[in-house]
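> got a predicted structure here, sequence first:
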Amino acid sequence: MPARVYKPTKTAMQSGRAKTHEWVVEFEGTERKTQDPLMGWAGSRDTQTQVFLNFPTQDAAIAYCKTNGIDYAIVPPQETTLKLKAYADNFRYDRAR
């Protein structure tokens with residue numbers, strides 16, 4: 001069962017950086033999702049896709065995968081750059097419209 005090791009980024013609904021400091025091991029699905037005949041929901045019998053393991057460092061996550069014989073792929077974290085602007089820039093005379 002393959003797994004992804006990554007550091008989550010903040011969502012669009014977050015203003016802070018909560019839950020973005022730890023590394024996550026997420027298992028990929030081994031079965032295709034099928035449609036439930038009664039309700040129409042998508043699902044599978046593979047429960048490993050529901051497991052998310054949090055680790056304080058990337059090395060700890062990789063060590064867990066190695067000791068348990070889990071194939072893993074590391075997804076490098078994306079660094080965000082802030083574009084600092086002043087509120088007064090919204091009212092500049094020469095701003096682009």
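Sure thing, it's come through.

> what segments of the chain are strands?
Using DSSP state E, the strands of the chain run over 3-6, 23-27, 34-35, 42-43, 52-55, 72-74.

> helices and strands of the protein: which one has the lowest mean pLDDT?
For the chain, counting by mean pLDDT, DSSP states H and E, strand 42-43 ranks last in confidence among helices and strands (a mean of 86).

> hey, what's residue 6 bridged with?
residue 24 (DSSP bridges).

> can you pull the contacts of the residue minimising distance to the centre of the chain?
Nearest residue to the geometric centre of the chain (CA atoms, centre = their mean): residue 8, 4.0 Å. Residues near residue 8 by CB atoms under 8 Å, 6 or more residues apart in numbering: 19-20, 22, 24. All C-beta atoms are positioned from the backbone trio N, CA, C, and that covers glycine.

> can you check residue 18 too?
Contacts for residue 18 (CB under 8 Å, 6+ apart) come out as residue 10.

> adjacent strands (with direction) for the least confident helix or strand of the chain?
Sheet pairing for strand 42-43, assigned by DSSP bridges, gives strand 34-35 (antiparallel).
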